[in-house]
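J.: here is my input, please return the structure:
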Amino acid sequence: MVVADLHVHTTNSDGELTLSTLPAAAERAGVSAVAVTDHDRIHPELPTPVATLDGVTVIHGIELRVETEAERVDLLGYGVTPTDELEALVEGLQRNRIERGRQIIENVEERLGVDLPVEPREGLGRPHIARAIDEASEYSYTEAFDELIGDDGPCFVARDIPSFEEGLSILHDACGLVSLAHPFRYEDPEAALELCADLDAVEAHYAYGREVDRRPIERAIEAYDLLVTGGSDAHDDELGKAGLDRSEYRRFRAAL
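T.: So this is what the prediction gives:
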């Protein structure tokens, strides 16, 4: 039974939840703890590493994309206490997100001959743009990614991200622990899991929507003495699709 969903996004990045609506969503899912892990952004209304909102434990986290020699991966930092270095990093990333978003929007509008009901802003992500494409054109949300703004799409614009070494160093200084997010979403999961030699944890539970072979994760946990994290990666208000059971959460909190 999932009691802790440790991968949730809010309107601070590209999710639908706010801190005021999060407790009700957690209650509907039977979840007692949630980690807010917005993309490349810390939450301005979570001043402490761990808080309680209407009886729900809320862990201040961040999902940070970093560059490795092989590919880009996502790191989950938990128990954030903002440092000058982290604040400077996310501020720069948000400036880049605004400009990148502007370029993607302009590319789509020029290609489709439409005006998208979305503006460049802090926290803007491709899901926001995909929803606007769905609203303003014949492309669905999924088709927007598949045919327009996905990584290989004609309207895609890459964004600036830190190196694995830089991102990890900053997260280690600012967070209680750092985990590798969703290892089976990468082109080379085995190579991604090797990064766990420098991490505290791995996201062992994740709603991939398909069957995955958990043995590589289990080997990494044993080889690198990792903690287990897990979450739904919710961008909507449906929590608890993946996460930690009670015993796993106890170990996580003790380490945090």
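
J.: so residue 77 makes contact with residue 174?
T.: Yes. With contact defined as Cβ atoms under 8 Å, residue 77 counts as touching residue 174 (6.7 Å). Glycine gets a C-beta too; all of them are placed from N, C-alpha and C.

J.: in the stretch 51-200 of the chain, which spans are strands?
T.: 56-67, 72-78, 177-180 (DSSP state E, counting those that start in this stretch).

J.: including distance to residue 123, could those go into a markdown table?
T.: Putting the strands of the stretch 51-200 of the chain into a markdown table (distance: least, Cβ to Cβ, whole Å) gives the following:
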| stretch | distance to residue 123 |
| --- | --- |
| strand 56-67 | 12 |
| strand 72-78 | 16 |
| strand 177-180 | 22 |
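
J.: pick the most buried one from the ones you listed.
T.: strand 177-180 (a mean of 26; mean count of other Cβ atoms under 10 Å).

J.: elements contacting that strand?
T.: With contacts defined as 3 or more Cβ pairs under 8 Å, 6 or more residues apart in numbering; DSSP states H and E, strand 177-180 has these neighbours: strand 72-78, helix 164-174, strand 201-206, strand 227-231.

J.: list the neighbouring strands of the third one plus their orientation.
T.: Strand 201-206 has the following sheet partners, assigned by DSSP bridges: strand 177-180 (parallel), strand 227-231 (parallel).

J.: make TSV out of these and add distance to residue 246.
T.: Formatted as TSV, these follow (distance: least, Cβ to Cβ, whole Å):
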stretch	distance to residue 246
strand 177-180	19
strand 227-231	13
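
J.: for residue 145, which of the ones you listed is the nearest?
T.: strand 227-231 (21.2 Å; Cβ to Cβ).

J.: got the angle between that closest one and strand 56-67?
T.: 100 degrees (axes from the mean of the first three to the mean of the last three Cα atoms, to 10 degrees).

J.: please name every helix or strand in contact with the helix or strand just after strand 227-231.
T.: Per DSSP states H and E, the first helix or strand lying C-terminal to strand 227-231 is helix 246-255. Here helix 246-255 touches strand 4-8, strand 227-231, going by 3+ Cβ pairs under 8 Å, 6+ apart.

J.: looking at those, which is nearest to residue 156?
T.: Of the helices and strands packed on helix 246-255, nearest to residue 156 by Cβ to Cβ is strand 4-8, at 24.1 Å.
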